[in-house]
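**Student:** Requesting a structural model of the entry that follows:
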Amino acid sequence: MKSIAFGTLKGGTGKTTSCFNLAGALALNPNNRILLVDGDPQCNLTNDIGLDCSDMDRNNIRTIFENKKIDPSELIIHGIMNELPNIDIIPSNILLIKTEMQLVSIAGREKLLANYFERNKDFFSQYTHIIFDTNPNLGVVNQNIFYFVNSIILVSDVSLNAIQGAELFTFLWEENIEDLGVENNIKALVINNYDKRINLAKDLKDYYLSEDEFKDILIDTPIPDSVAMKDTSINHLPIVVLQPGHKAASAVKRVANELIEREVF
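**Tutor:** Here you go, the predicted structure:
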């Protein structure tokens, strides 16, 4: 089982879209069984897969922090996409922000999620990949996710703000892991919403390749900016299913393959 989180400190990079679509590319292999976990109170991944995150009666990631004894089978929604039945999800909830505030005073708060997955490792071992979406901060819930996972994938778009977001994320997380006593698990950087007509596009790749913290983790293939990628959220299907012949679908599959080759996926 591999655990992965998508992260950024800049909104609007298309992080959730990348997460959703790369999970879809992984799921094309029927031998893979994927659990998506939405760790964002905005619930974008939950919405992308076609669930209503305003359902207050449904268990979600928040339940893990509030009821550590809950059976994991009660958290998971199975096979919501008929086209990719090997994808399950633990959804999010808009009240996750309330949980964030409640966790601040708890001892060992950064390890609560890891402890839950460790206690239930026999159940979760049925999945080949557990993939988390996060929101753009390093709050307590995100710290739990980033502490637990094997690999963090940073997502950048073509902007100076995205560069600053990636640099700040790397700096702050390295400070956190020093306190937590774990190794750096930032393993990949994906460029999303790439448009080669933008003057900054080539300079962006060159910049990342020139920086020690990014040059070895930059994924060669960028995911192009396209309406088709945005449509995946509306249609609740990843592009490899929705428009498998589209150039963006080909790019997503190449990125997924490179992540597999680098043993991130």
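
**Student:** any chance you could map the helices in this protein?
**Tutor:** All helices of the chain, identified by DSSP state H, fall at 15-27, 44-49, 61-66, 96-103, 112-119, 121-124, 140-148, 160-180, 200-210, 227-235, 239-242, 247-261.

**Student:** Which residues does the second one contact?
**Tutor:** For helix 44-49, contacts defined as Cβ atoms under 8 Å, 6 or more residues apart in numbering pick out 16-17, 19-20, 36, 38, 53, 60, 80-81, 87, 89, 91-92, 133, 232-233, 236. Heads up, the C-betas are built off the backbone N, CA and C, glycines and all.

**Student:** same check, this time on the last one
**Tutor:** Contact partners of helix 247-261, identified using Cβ under 8 Å, 6+ apart, comprise 21-22, 24-26, 28, 153, 188, 190, 219-224, 226, 228-229, 238-240, 243, 265.

**Student:** same question for that helix, mean pLDDT?
**Tutor:** Averaged across helix 247-261, pLDDT comes to 98.

**Student:** Same check on the longest one?
**Tutor:** Here the mean pLDDT over helix 160-180 is 92, rounded to a whole number.

**Student:** Can you mark which positions in that helix are buried?
**Tutor:** 162-163, 165-166, 169-170, 173, 177 (16 or more other Cβ atoms under 10 Å).

**Student:** Out of those residues, which is nearest to residue 42?
**Tutor:** Among the buried residues of helix 160-180, residue 165 lies closest to residue 42 (Cβ to Cβ), at 16.7 Å.

**Student:** May I have the phi/psi pair for the residue lying closest to residue 51 once chain neighbours are set aside?
**Tutor:** In space, and not counting its chain neighbours, residue 51 is closest to residue 91: 5.3 Å by Cβ to Cβ, 6 or more residues apart in numbering. Per-residue torsions, residue 91: phi -80, psi 180 (degrees, to the nearest 10).

**Student:** measure residue 91 to residue 44 for me?
**Tutor:** 11 Å (Cβ to Cβ, to the nearest Å).

**Student:** which neighbours do those two share?
**Tutor:** residue 38.

**Student:** ok, and the closest non-adjacent residue to residue 81?
**Tutor:** Spatial nearest neighbour of residue 81, excluding adjacent residues (Cβ to Cβ, 6+ apart): residue 87 at 5.9 Å.
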